[in-house]
Every structure is written in C-alpha cells, then in structure tokens.
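> Mind looking at a prediction? Sequence and model below.
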Amino acid sequence: MNTEDLDKKLVEATENGQHISPILPEGVKNYLIDIDGTICDDIPNEEPERMATAEVYPDALITLNKWYDEGHIIFFFTSRTEAHREVTEEWLNRFGFKYHGMVMGKPRGGNYHWIDNHLVKATRYRGKFTDLVDKEVTIQVFDDGQHE
C-alpha cells in the first residue's frame, strides 16, 4: 500500500472551525513497531552482517500480519540506519511480514518518552506478541489542569 492509499484512510478533522491534521477512523491503529529484540533477535547496528540471518519471533509475525489484515497500519520504527534498509526489507519479505513502511534511524538507547498532539499508546515488548489487553497504569502528563 502506498502513501496515497494510506492517506485515503484519513478522516478530515476540525477544531474551533479550523482544519487540523487528519485522523484515522475509529478502530484503526497506526502501529509503530521496533525490529531488533521485538520481532527478531536483538542485533546491534555495529553487526549488520547478522541482520540477514536473524531468527524471527513467530508470534510477532502472526500477530502483526493479523493486525495488517484487520486494516491497521503497520510501520517498523527502527534504530537501524538507511544503510540497513535493503537487508531489512529483504529479511521482512523473506519471512512474509505484511507492512506499509519503515522509519529508519530511531534514536538508540531506549527510555523513550513520546510527546505528540495525537493520542499515543505504548506497549513494552516483553517476550511475547499477543492481542492487546486493557490494563490500568500510571503515566506522566503535562500539568494542564485536565487530569481526567
């Protein structure tokens, strides 16, 4: 699916009578998924020769392809660099991952804190891909006086 097809899924949005960035329809998620240590062996960028032979995590393949088939958007968001794009695409295609694209060059080191004007949900991978379940947790938010 190309960018134009993905854009067709977006819904026009307004706020105070002004157009704002479009949003996805209810129920469609934009998944940003790490690669190393999340869908396959954890391989550092300093050892790119291992990327072509990484072991896939079968539950990741099954779950991500299911989400894709359900109409969700699947992007890989990886610390691998543009120099690793070709080997990464070949590996993903060889194992049959269905996805819409990749964003290369994610900052390394973890401890991510994403700030956005759109809803952001984060799920830490801990060794098994499954359908997502609801869980109440404490999060940090800006002190905007609206803590519902």
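Here it is on my side, so go on.

> Go through the helix-or-strand element of the chain with minimal mean pLDDT and flag the buried ones.
The helix or strand of the chain with the poorest confidence is helix 3-8; it has a mean of 73 (mean pLDDT, DSSP states H and E). Within helix 3-8, no residue qualifies as buried by neighbour count (16 or more other C-beta atoms under 10 Å). Backbone N, C-alpha and C define where each C-beta goes, glycine included.

> What lies in contact with it?
Defining contact as C-beta atoms under 8 Å, 6 or more residues apart in numbering, one finds that helix 3-8 is touched by 73, 100-101.

> any weak-confidence spans in the chain?
1-3, 147-148 (pLDDT under 70).

> Could you rerun that using 50?
By pLDDT under 50, the chain contains no weakly predicted segment.

> before we move on, back to that, which one among the contacts of helix 3-8 gets closest to Ser79?
Distance ranking of those against Ser79, using C-beta to C-beta, places Gly101 first at 16.0 Å.

> Let me know the distance separating Pro22 from Glu12.
Pro22 sits 6 Å away from Glu12, going by C-beta to C-beta, to the nearest Å.

> Same question for Glu26.
For Glu26, the distance to Glu12 (C-beta to C-beta) stands at 14 Å.

> neighbour-wise, which of the two wins?
Neighbour totals were compared for Glu26 and Glu12, and Glu12 leads with 9 against 6 (other C-beta atoms under 10 Å).

> That one - that's part of a strand, no?
Yes - if the criterion is DSSP: H, G, I helix; E, B strand; the rest coil, then Glu12 is within a strand.
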